[in-house]
Structures are given as C-alpha cells and as structure tokens.
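# Give me a model of this one.
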Amino acid sequence: MAQSDIYDVAKEAGVSISTVSRAFTRPELVSIKTRRKVLEIADRLDFNISRSATALKSGQTYRVALLMNEEITSWFNTQVFAGIESVMHPDSYDISLFQHIDTAQNRHEFFTELPVRRNVDAIFVASFAIDPHEVDQLKRLKVPIIGINTPSVDGFDATISIDDEKGMYKATQHLINLGHKHIVYPCSEAVATMDSSIDARTRGFINACKDAERKRDDLNWEVLSVPRGPAFVDSALSALLSLDEFPDAICCQMDMMAIPLVLKLERYGHRTPRDYSIIGFDDSPYADTINLTTMRQDPYAMGRAAANKAIKLINGKELDNPFETVEAQLIPRGTDAPFELDD
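The predicted structure is shown next:
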C-alpha cells in the first residue's frame, strides 16, 4: 500500500495543501475545528509532515547539539538534558548528543571533523570551556553557542552557570565555622587538556582554608587528588584511610563521592557525625536518603534556562540577560556537627 502524502490529506479533508501544512507547522493560523479534522485524517492515513521539507522552507534544521565532557548517565548531565528537552521538544526540536569530549584526542577529532556540521540550529556546551581554536570552529556554523555551567563565558553567545568556586567556599567555611581543625578535600584529578567547571570547586576549598588561616593557626587542611574514572570513590577511600590521622571533617567535590564514602567509611568504624563531619555538593538523588549535608544546585532549571535562551537567539531576538550566574544553596542535614575535642 502506497504511503499517503499531503495531497491525500488535503483531498480527504477538503482543504488546500497549505492549510494542511499550517495545521502542522503554524497551528495558531488554523481554526481548532479545521486543525482537528486535518490531524484526525492525517492520523488515519498514517501521514506525518516532512521535517526536512519544513526545515528547507524555514531555513532551520529543528535540531540542536549538546556537547558533554562525560557520559550522559551522570546525575548532572541527565538533569541538564531533561531540562533542555522539556523546552526544545514542544517546539519540535531534536537533540543530537555528543559525549566524552574530555581528552585531547577526542577534542581534536571532534572539533577537526566537527560532526555537528550535520546541521544544527544551536549548540549547547555543558561543563567545560572551549579554547579560541574550538570557538572559531563552532562559529563557522553561524549558530548560537550556549554554555551550561561553563568555567568561562568566552566564546559563548549566552551562558547559565553555577558559581562552583563560591559554592565550595561556602561549604568549606561551614565546616570551619563548626570548629573543625583537620579538613580534607578528596577530589578527582583535573584534566590538563580541559578546563572543567568542577575543578573550580577545588579553588573554592583552598581559598576558604587560606582565608581562615589568617584568623586561626590550628587549621590543618589538605587536598587529596585521585585519578578520574569509575574507581575514584575507592581511590578516595584508600587515600583517607592511609592518612596518619583521620580527619575530623571531609569536604567532598560532589555527592557522588560523599554518599558512598559515608557508607564505606562506616565499615571501618568511622561514623558521621559522631566521628567526623562530611559535606557534599549537588543535592543529587539519595543525598536526602542518607541525610547528607550538601550544597544544592538545579541542573534541570539550568537546562531549561539555556534552552529558552537558545530559542530566542534562534529566532533572532536579543537576550535581556545573556550571561547568568546562580549560587549554590547550603542544605544542612545530619552529617555535620560542631567539633569537640575528646576529653
């Protein structure tokens, strides 16, 4: 059986071809009664208007690209994707996903071959900075480039980001204000070829400790860097247990490190908040389940905000606030307590 086309739908509905087209692409220009009739007939005839034909007429591809430095399975990335999709999908946009742009080789291959040249109307970059050469490559596409939680606004037409450095500064300051004297910051090692937003948290920890040292001389702090990868939590656990003296406070780079550490350290006799305080960053799923004190951010809202900026830029509109920064919020729960020396 031959597939029905737009002419068949128009003939069956008793309307013009342009009316059928508008019923799909510009429904606000067609009466509710007429549009319902056209859609019912199109459904019965198993007809869908060609996305490519619509794109050809409008000059748009109705596709956007999302670049990630890690896989989409991380909590942050899934929430960003969901936020973008919640805005772009109702406007008939598809999302092309490009993961693991996190090594020198991957970056070189991606920006040299530029797979997004397959035609997109906007590009989202999540959680990493792009260098001048990469900016030039993306700019050749002549489409808006929107950053989500990027370390810098350079090269972007718009950004929405959390202040990672300030957020971790607040988290560290919270532990210091509780009177803790030995604070450790376990984190994954920075990648030399990538300026990642999460690495700004390390600076926040260091700056908070250095500022506190000007007021007190009993503060002992250190950064424990462990290799990135699936085993980073076990590496952090080993590093903590290898210390000459176990810390009285642990400031974690992210909840994905803090949550398993709480569970694993208890097996070795270290229970929070009895023996130490611990704070995470993200307020991701299960943070409230284990009563983790943490810093809250909302990547879903950031994804939506980025998508709304993209829609406006695609349509040639100016943004009132193209570059936005939001602050992380301290969420006190049950894994921190004032520090008291044993008698």
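# the bottom helix or strand of this structure by mean pLDDT?
Across the helices and strands of the chain, mean confidence by mean pLDDT, DSSP states H and E is lowest for helix 51-58: a mean of 57.
# Would you confirm that Glu222 contacts Tyr185?
Yes. With contact defined as CB atoms under 8 Å, Glu222 reaches Tyr185; the gap is 7.3 Å. Using the backbone N, CA and C atoms, a C-beta is placed for each residue, glycine as well.
# between those two, who's got more neighbours?
A direct count of neighbours by other CB atoms under 10 Å for Glu222 and Tyr185 places Tyr185 higher, at 25 against 13.
# Distance from the strand or helix carrying the more buried one to the middle of the chain?
Taking DSSP states H and E as the criterion, Tyr185 maps to strand 182-188. In terms of CA atoms, centre = their mean, to the nearest Å, the gap separating the centre of strand 182-188 from the centre of its chain is 23 Å.
# Flag the shaky bits of the stretch 51-200 of the chain, pLDDT-wise.
Within the stretch 51-200 of the chain, the segments meeting pLDDT under 70 span 51-59, 102-103, 113-118, 192-194.
# residue ranges for the strands of it, please.
Applying DSSP state E, counting those that start in this stretch to the stretch 51-200 of the chain gives strands spanning 63-68, 94-98, 122-126, 145-148, 158-162, 182-188.
# With respect to Lys170, which of those strands lies nearest?
Nearest to Lys170 among those is strand 158-162 (11.8 Å), distances taken as CB to CB.
# ok, residues contacting that closest one?
Residues outside strand 158-162 that contact it (CB atoms under 8 Å, 6 or more residues apart in numbering): 144, 146-150, 153, 197, 297, 302, 305-306, 309-310, 313, 319, 322-328.
# Now find how far off-centre it is within its chain.
Its chain's C-alpha centre and that of strand 158-162 lie 10 Å apart, by CA atoms, centre = their mean.
# which helix is the longest one in this structure?
Assignment by DSSP state H gives helix 299-314 as the longest helix of the chain.
# neighbouring strands for the helix or strand that that one is followed by, and are they parallel or not?
Once helix 299-314 ends, the next helix or strand along the chain (criterion: DSSP H and E) is strand 323-326. Partners of strand 323-326 in the sheet, by DSSP bridges, are strand 158-162 (parallel).
# ok now stretch 80-95, how far from the chain's centre?
The chain centroid and the centroid of stretch 80-95 are separated by 14 Å under CA atoms, centre = their mean.
# buried stuff in it?
Neighbour-count burial for stretch 80-95 flags Val80, Phe81, Gly83, Ile84, Glu85, Val87, Met88, Tyr93, Ile95 (criterion: 16 or more other CB atoms under 10 Å).
# Equivalent analysis for stretch 151-162, please.
Going by neighbour count (16+ other CB under 10 Å), the buried part of stretch 151-162 is Pro151, Val153, Gly155, Phe156, Asp157, Ala158, Thr159, Ile160, Ser161, Ile162.
# same thing with stretch 169-183?
For stretch 169-183, the neighbour count (16+ other CB under 10 Å) marks 169-176, 178-180, 182-183 as buried.
# out of the residues you listed, who's nearest Met256?
Within the buried residues of stretch 169-183, proximity to Met256 (CB to CB) peaks at Ala171, which comes in at 15.1 Å.
# Among the buried residues of stretch 169-183, give me the pair with the biggest separation.
Maximum distance among the buried residues of stretch 169-183 (CB to CB): 19.7 Å, for Lys170 and His182.
# How about Thr81: what's its closest non-neighbour residue?
Not Thr; residue 81 is Phe. By the measure of CB to CB, 6 or more residues apart in numbering, the closest residue to Phe81 outside its immediate chain neighbours is Ile72, 6.0 Å from it.
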